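K.L.:
Please find the sequence and the predicted model below.
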Amino acid sequence: MDKVLGIDIGGTSIKAGMFSTEGMLQAATKIPTGEIVSEAAFAVVTEGLKKLLEDNGATADDVIAVGLDVPGPVDDDGEVGMLANIELDPKGLQAALKRTFKRANLAFVNDANAAALGELWQGTAKDASSFVLVAIGTGVGGGVVSGGKIVSGAFGAGGEIGHITVNREETASCGCGRQGCLEQYASASGIVRVYKKECKKLGQTPVKLDGPTDTLSIFNAYRAGDEAAQAAISTMCDCLGYALAQISVIIDPQLYLIGGGVGGGFKLYAEELRAAFRKYCLAPSISTRILPASLGNDAAMYGSAYQAMQG
């Protein structure tokens, strides 16, 4: 029976899922990798994938599609651009996979775009032809779907929502080298930064934080009435609502999905975010829904498999 592999590539391991062509996740595994730049490393990946199949009654000959997501731009032709946080030779890995899975169509996709495709295939956006996924973690990524297809862009920068300018007066630099990006206020690291700034302004001691992206502690402080935490979450909602309103005048999607680690706290700030969007959006877009994504950390694995099947 035909199988599809969806592979989520990280810095130290990959997460791989075996899917039916109907979109059912039948089995998954994690394969430790490190740098994926040599034949030995490619072999670790292909052997791990073959074991996943064999442990679940399938073989390499059953695989008709292999999709891989990467944390970097992938253009409309499937060409991988800059990869800042992982050591990967895309062409070398592609060749090794092609040798192993001779029947399979291979496809690379940006990780946030893959998450959006996963939600389109089997998640919250299953019945939507146009939507935008906002993946809020250490940074802010995005996946734009229009007419049922991902919008990657000519140079792979489609969906870089985290780098919409929301504050032209900002003097601190974003990781991209510019100032005032959404990521500086709405990412996990951005929320922590704004929280500490608000604490200093109010003359209060910050709650104990477990690292520079610990939004969970800030969400807990928010629930307890911490004024600085409330100000940081309000800033996030205002900046994100403003950014979504700008997207709507160009794409006008049916809905926005909020995912990623910060998306886990969606219920806490959902109404404030929706109110901010309504405040800034053009009147025709006021009914746009803002909902939580549903596939969690598996979304990119689903989307990679789906992309490869489009072949």
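P.N.:
That came in fine, so what should we check first?

K.L.:
ok, Pro71 touching Ala114?
P.N.:
No - counting by Cβ atoms under 8 Å, Pro71 does not reach Ala114; the two are 10.2 Å apart. Heads up, the C-betas are built off the backbone N, CA and C, glycines and all.

K.L.:
The two: which has the busier surroundings?
P.N.:
Taking neighbours as other Cβ atoms under 10 Å, Pro71 and Ala114 compare with Ala114 leading, 34 against 19.

K.L.:
Can you tell me the SS state at that one?
P.N.:
When classified by DSSP: H, G, I helix; E, B strand; the rest coil, Ala114 comes out as helix.

K.L.:
Please read off the pLDDT at it from the model.
P.N.:
With respect to pLDDT, Ala114 scores 92.

K.L.:
Same question for the one 4 residues further on.
P.N.:
According to the per-residue confidence, Gly118 scores 95 in pLDDT.

K.L.:
That one - that's part of a helix, no?
P.N.:
Yes - judged by three-state DSSP, Gly118 forms part of a helix.

K.L.:
Next one: it from Asn105, what distance?
P.N.:
18 Å (Cβ to Cβ, to the nearest Å).

K.L.:
Likewise for Ala299?
P.N.:
Relative to Asn105, Ala299 is positioned 21 Å away (Cβ to Cβ).

K.L.:
hang on, Asn110 packs against Glu79?
P.N.:
No - applying Cβ under 8 Å as the test, Asn110 and Glu79 come out as separate, 11.4 Å apart.

K.L.:
between these two, who's got more neighbours?
P.N.:
The neighbour count for Asn110 versus Glu79, taken as other Cβ under 10 Å, is higher for Asn110 (32 against 14).

K.L.:
Name the nearest residue to the more buried one, ignoring sequence neighbours.
P.N.:
Sequence neighbours aside, Val74 is the residue nearest to Asn110 in space, at 4.7 Å (criterion: Cβ to Cβ, 6 or more residues apart in numbering).

K.L.:
so what's in contact with Asn110 and Glu79 at the same time?
P.N.:
Gly156 (Cβ atoms under 8 Å, 6 or more residues apart in numbering).

K.L.:
Now tell me what touches stretch 29-47 from outside.
P.N.:
By Cβ under 8 Å, 6+ apart, the list of residues contacting stretch 29-47 reads 9-10, 12-16, 48-49, 51-52, 86-89, 92-93, 96-97, 99-100.

K.L.:
what comes up buried for that stretch?
P.N.:
Thr29, Ile31, Thr33, Ile36, Ala41, Phe42, Val44, Val45, Thr46 (16 or more other Cβ atoms under 10 Å).

K.L.:
Could you find the closest non-adjacent residue to Ala221?
P.N.:
Using Cβ to Cβ, 6+ apart, the closest residue to Ala221 is Ala229 (3.9 Å).
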